[in-house]
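**Q** structure of the sequence below:
(3 chains)
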Amino acid sequence: MSHTLELSPERLFPVDPATREIARQLYGLVKDLPIISPHGHVNPSLLVDDESFGNATELLLRWDHYIFRLLHADGVDITGLGVGGAPLTDPRAAWRTFCARWHLIEGTASALWLTHILVELLGVDIVPSAGTADDIYDRIQHRLDQPEFRPRALFDTFGIELMATTDDPLDDLAAHTTIRDQLELSGRVVPTWRPDKYCDLLSDGFAERIERLTGTVGGRPGHIGDYLKALEHSRQRFIAAGAISTDHGPRTPKTLDLSDRELEGLLAKGLAGNADATDAVAFEAGMLTRFAGMACQDGLVMTVHPSVARNHCQSALTAFGPDTGHDIPLRTEYTRAMQPLLNKYGTVPGFHLVLFTIDETVYSRELAPLAGFYPAVYVGAPWWFIDSPDAIGRHRSAVVEQAGFYRSSGFIDDTRAYLSIPARHDMSRRVDAAFLARYVVQGRLQQSAAERIIVDMTCTNPRNVFKLGG
Amino acid sequence: MSHTLELSPERLFPVDPATREIARQLYGLVKDLPIISPHGHVNPSLLVDDESFGNATELLLRWDHYIFRLLHADGVDITGLGVGGAPLTDPRAAWRTFCARWHLIEGTASALWLTHILVELLGVDIVPSAGTADDIYDRIQHRLDQPEFRPRALFDTFGIELMATTDDPLDDLAAHTTIRDQLELSGRVVPTWRPDKYCDLLSDGFAERIERLTGTVGGRPGHIGDYLKALEHSRQRFIAAGAISTDHGPRTPKTLDLSDRELEGLLAKGLAGNADATDAVAFEAGMLTRFAGMACQDGLVMTVHPSVARNHCQSALTAFGPDTGHDIPLRTEYTRAMQPLLNKYGTVPGFHLVLFTIDETVYSRELAPLAGFYPAVYVGAPWWFIDSPDAIGRHRSAVVEQAGFYRSSGFIDDTRAYLSIPARHDMSRRVDAAFLARYVVQGRLQQSAAERIIVDMTCTNPRNVFKLGG
Amino acid sequence: MSHTLELSPERLFPVDPATREIARQLYGLVKDLPIISPHGHVNPSLLVDDESFGNATELLLRWDHYIFRLLHADGVDITGLGVGGAPLTDPRAAWRTFCARWHLIEGTASALWLTHILVELLGVDIVPSAGTADDIYDRIQHRLDQPEFRPRALFDTFGIELMATTDDPLDDLAAHTTIRDQLELSGRVVPTWRPDKYCDLLSDGFAERIERLTGTVGGRPGHIGDYLKALEHSRQRFIAAGAISTDHGPRTPKTLDLSDRELEGLLAKGLAGNADATDAVAFEAGMLTRFAGMACQDGLVMTVHPSVARNHCQSALTAFGPDTGHDIPLRTEYTRAMQPLLNKYGTVPGFHLVLFTIDETVYSRELAPLAGFYPAVYVGAPWWFIDSPDAIGRHRSAVVEQAGFYRSSGFIDDTRAYLSIPARHDMSRRVDAAFLARYVVQGRLQQSAAERIIVDMTCTNPRNVFKLGG
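**A** Numbers count the residues shown, from 1 in each chain, chains lettered A, B, ... in the order given. From the prediction side, this is the model:
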């Protein structure tokens, strides 16, 4: 078996030679364009603190739930990797555990990203295995110890034009203020307003959280007007800090047009701790419509990431905490669910609503038809489990024939793995090049059009959808 | 950027050269075969009146909801295009609006059809843009003013063997009588019996409509026997006028085996204006089974196009009326839904039931298994939003492995855009050639078999499924 | 038209020449590896009796519901083929009926398998048709009359390492005992414990069946402890006879964590004949969780094949009996359905739960995410209607990017058609080779890795998942 870790310059291109040649040309037009990342989960403190990434395990395993979930599935005790706040006592041993199981991730999107990171960023050119683990660990350590591998330096190296984080409506945004006022980065870093926990009647600590929220405007927790006012106030604060969008991850994409009185009744149940699942869904549904209304007023782009069963495994939630690889997708329905919101706001000029899914069946059946009519609606990029080459190809195939190339959000890396950002955007650009090249060879698109479109998909569309100017 | 509008003779063929060569050969066998269009929405008056198509906007934009919905999504005020009966005061300006946004439709099935129409029928060889809009408008006008571009002349040019329209059960079918008795077309034009509005308890004007219906047999609106008799009578009238099939677009594909008494109870609620959504679904479900029974008697082929949320956007319905681009598909279920009907009539010799879907998930899961067992059931062609090359390929891939090539309806253009008929059938033949060529190269089908099958898919199967003789 | 029946040595390989060459190399590594068949429906008496297969109709048509359902759909009276125990009075005439309709199965997976059987095993090299039916019938008869075409001889010829059958928990396993103790086969034949009829409160003869079951441990039918004990006892008996797994085909994949008292209440209703559909689903759901608990104790691998509407056509059930081609798939949901079971047992070391689906939508949305986290969960191979080349390719594409190559069960032939076993496994190996070759050419996998992976997919993974040792 070859021990050289290969990162083919032709990776993800079509297998047919003539189509590949066109894909290569198209990719060449966009490979060095700036990265626009309007939705992701990098912690802004990373840039403020600008500390070394520590070691290979800290950098690549501990926080990457795509990777450590596959180790968990293989029976590895992932507390040894420091998952969920467990002490990372022996990062080198953890790294060996992973390298010995490199075969588990072969073929996955994570393997592509990780190979890109190892070869391009970390200078590693050997295949991870039990025998090579220590050597690779040391090589990575050497790289991490260099100043040009600090987060800020990488930001510039990566060519990031804009990177959005995900933030709590009560966050003081101090890190963002520091970044804007004190750091001289080559691109923008902006917060994203994510109010989920303030709309989930069943979430732990809901009453206390709402009390803090309404306190920001001197209001009472049970008063719907104060509640809404505090949310609007928080949005204004985010806008002042550079926010471009809001993100929503409700249980379902259901929307309802509820009155203040109806919302207040549901809120009261949540505050009193006697809301049930039906109440929780109704309140989320009513608030989604309200958030759309606020977006029509203040101009923030609204993105929706619904229908995931969070923390599916109770014992893992207890052992490792949330976001540890066992959020499992659910079947989704948009056509009826979104109708109340869209009837109210779907044709309001300037309102942008990006709908994501991890249920691929809705692309051709619901999302492309909705985005092909409503000026507000854009089809979100493949997200999470379907953020991978074949799935992105299926997405394009399902959406473009109905809605063309201009009703989609553009690529979203959606990552907390800072180093994977260039790898993910590069993957997306390659898959788009492959898709367009096929259309050219099949006479469905002229090459000159494909050349314009791939630039638009990479930069123009996300700038337009997320109102980035430029 | 190239300004030449290209219509590649190799379009939609596989990218692999050897596979493409076989596809080219297969396509060559069917490209000039007659067009069989057993389901569509062209107005028969078009042929009776035989007037000029007016101008480019009238011809290509005003009535094509595939096109103008994408302009609407881009923020264009489509009343300027004359949509929904708005006066078309400045067709040239509307055409400019569209040409400046040609990029919006690139990659869609509409772009393929429109390019085919522009190049092949209208002699336009420049890419639409703001700068070329007037030139193209004038070229089209020149062509439309020629007598060989009148509807009847085109009918013969197109090589149409049969074209079905869609008609109201109370329509006098005068246009069809005129076409049959007075026009000398080279092919047949037949009506299709579409009773939806006579089964929808919640439709506007339901009571008045049923009164007119039952009046045709001297019956009372609330008497189920009279209601059914009037429907049967209307079917006989359609058969006499050449009808080959009935079309049904219920809310869901649900069927029920209801007694006369049960149906009469539901009908009474509809007539009294106090039916609810449950009643409406139940009545449609009961009537679908009754229509199957009628089909077993009178031999009309039954087609079902269910599960679309019609007129999704209330404000657009008010502004533009129905059929204006905001009918959005819904998730569909056939296995349980069709069981009552199929248990009663699914094995009756001579009964043909063609099931359409715009929820692609049911192809491999439900429709192919049903069509692979029940003699009555045929899988309908991809319809509406999924009437596009990649989607047709997915359909074949999902259906053929289970049900072969002989349990499908054949291509359905389903269009009210008369000029697009040849383009759509050509697209279908190319995609089928590509699909078959792959099977040949993969050793899954001998080439001699593929040569027979593509002819059968194009002509023999639709003739058999729709009982066209010949 | 060519009359030579071709079985291309390159069949199912990619169309692109360079990719095909790699697929050819990968396939070459596994084409002669032993067959591991851990789930199927061959009757073990076939090997004990070791009689001739009779004739072509008996061998290839009478028991193959994939084939005769398509004849039924074409209007053939399949009682003439001996379906459902009808006397097979004229097998030659039945064979003629089929050969005249060979076109009905072209393009299906059955055509691939049957061509493989005809050419490779039966020495038939002419395309079946009305004109060649008798000749082929005679050639097959000649082959069937030879001793090397008896079942036992074929078992060795096929290179079967392990073949599992499907058995009733009260079966005396005498055939298996005979096979193990008296036959000298080159591989293992093992029973599979399938308790469906002992958990279906609505099944015919339920009370009598449970009485027999509980009788095996001297217990009372209505006592839940006795019921569970008898099931456990039966599992032990199967384990002693070599069983490696249990198989479950519930109405839905729903699971519940019910108490003994709750289960006993439901069981009582079933025994008294007054259970309803809700009770039946609840009892199945509760028992699935119990079976998982038993598997954690005794180590049998648990496989689940849910969500099929069995015996969809009442008249066919009456005329032909069950398993006659009209079991139709249903939409499936796993994420919520499996949560109770997985929360209880999903992380128990050594527990293996293989989840099958015939609803392809759950691969990327639910099964791959579940298998990518829970150590217990493996994604089952495409099953039944989707056990075909394109569908297997879709399955790999949907699963591998998320869960890699090591969270799947390996191929399952799931067949009662003994002769088709090598054809089916060969198909699977070719499709996997094609899939991997694409990944290699696209730079997503190094060729050395692909060479290891295809061997693992063929042998290592099924040995691990089904705990076969070796």
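**Q** where does the prediction get shaky in chain A?
**A** For chain A, residues meeting the criterion pLDDT under 70 lie at A:1-2, A:470.
**Q** ok, which stretches of it are strands?
**A** A:35-37, A:160-164, A:188-190, A:245-248, A:301-304, A:308-309, A:328-329, A:353-355, A:377-379 (DSSP state E).
**Q** okay, now the sheet partners of the second one, with direction.
**A** Here the strand partners of strand A:160-164, with direction, are listed using DSSP bridges: strand A:35-37 (parallel), strand A:188-190 (parallel).
**Q** residues contacting the last one, please?
**A** For strand A:188-190, the external contacting residues (Cβ atoms under 8 Å, 6 or more residues apart in numbering or on different chains) are A:44, A:47, A:161-165, A:176, A:179-180, A:241-244. In this view, the C-beta of every residue, glycine as well, is placed from N, C-alpha and C.
**Q** make it 6 Å
**A** With Cβ atoms under 6 Å, 6 or more residues apart in numbering or on different chains as the test, strand A:188-190 has contacts from A:Leu162, A:Met163, A:Ala164, A:Ile179, A:Gly242, A:Ala243, A:Ile244.
**Q** thinking again about what came up before, can you put the strands of chain A in JSON lines and add mean neighbour count?
**A** Formatted as JSON lines, the strands of chain A follow (neighbours: other Cβ atoms under 10 Å in any protein chain shown):
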{"stretch": "strand A:35-37", "mean neighbour count": "25"}
{"stretch": "strand A:160-164", "mean neighbour count": "22"}
{"stretch": "strand A:188-190", "mean neighbour count": "21"}
{"stretch": "strand A:245-248", "mean neighbour count": "23"}
{"stretch": "strand A:301-304", "mean neighbour count": "24"}
{"stretch": "strand A:308-309", "mean neighbour count": "19"}
{"stretch": "strand A:328-329", "mean neighbour count": "27"}
{"stretch": "strand A:353-355", "mean neighbour count": "26"}
{"stretch": "strand A:377-379", "mean neighbour count": "27"}
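**Q** quick one: closest of these to C:Trp63.
**A** Among those, strand A:328-329 comes nearest to C:Trp63, with 39.2 Å by Cβ to Cβ.
**Q** now do the end-to-end distance for stretch A:246-256.
**A** 19 Å (Cα to Cα, to the nearest Å).
**Q** ok, stretch A:122-132 next?
**A** 15 Å.
**Q** in the contacts of strand A:188-190, find the pair that's most separated.
**A** A:Ile179 and A:Ile244 (14.8 Å).
**Q** reformat the strands of chain A as TSV; add distance to B:Arg150.
**A** Shown next, in TSV, are the strands of chain A (distance: least, Cβ to Cβ, whole Å):
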stretch	distance to B:Arg150
strand A:35-37	52
strand A:160-164	55
strand A:188-190	59
strand A:245-248	53
strand A:301-304	50
strand A:308-309	57
strand A:328-329	55
strand A:353-355	45
strand A:377-379	40
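**Q** so which of these is nearest C:Leu436?
**A** Using Cβ to Cβ, the nearest of these to C:Leu436 is strand A:328-329, at 26.4 Å.
**Q** starting at the chain centroid, how far to that closest one?
**A** Mean C-alpha position of strand A:328-329 versus that of the full chain (Cα atoms, centre = their mean, to the nearest Å) differs by 15 Å.
**Q** tell me which parts of chain A are close to chain C?
**A** Contacts of chain A with chain C, taken as Cβ under 6 Å from any Cβ of the partner chain, map to A:1-2, A:6, A:8, A:10-12, A:15-16, A:69-70, A:73, A:75, A:104-109, A:309, A:314, A:325-326, A:328-330, A:359-361, A:385-386, A:388, A:390.
**Q** look up how far A:Pro462 lies from A:Asp387.
**A** Counting by Cβ to Cβ, to the nearest Å, the gap from A:Asp387 to A:Pro462 is 15 Å.
**Q** how about A:Ile22?
**A** For A:Ile22, the distance to A:Pro462 - Cβ to Cβ - is 24 Å.
**Q** over to A:His312?
**A** Distance, A:His312 to A:Pro462, using Cβ to Cβ: 31 Å.
**Q** residues from the stretch 351-470 of chain A in reach of chain B?
**A** Applying Cβ under 6 Å from any Cβ, we find that the stretch 351-470 of chain A lies next to chain B at A:361, A:364-365, A:369, A:372-373, A:375, A:397, A:400-402, A:404-406, A:441-443, A:446, A:448-449.
**Q** typo on my end, chain A
**A** A:16, A:19, A:335, A:343, A:361, A:364-365, A:369, A:372-373, A:375, A:397, A:400-402, A:404-406, A:441-443, A:446, A:448-449.
**Q** weed out the non-buried ones from those residues.
**A** A:16, A:19, A:335, A:343, A:361, A:364-365, A:369, A:372-373, A:375, A:397, A:400-402, A:404-406, A:441-443, A:446, A:449 (16 or more other Cβ atoms under 10 Å in any protein chain shown).
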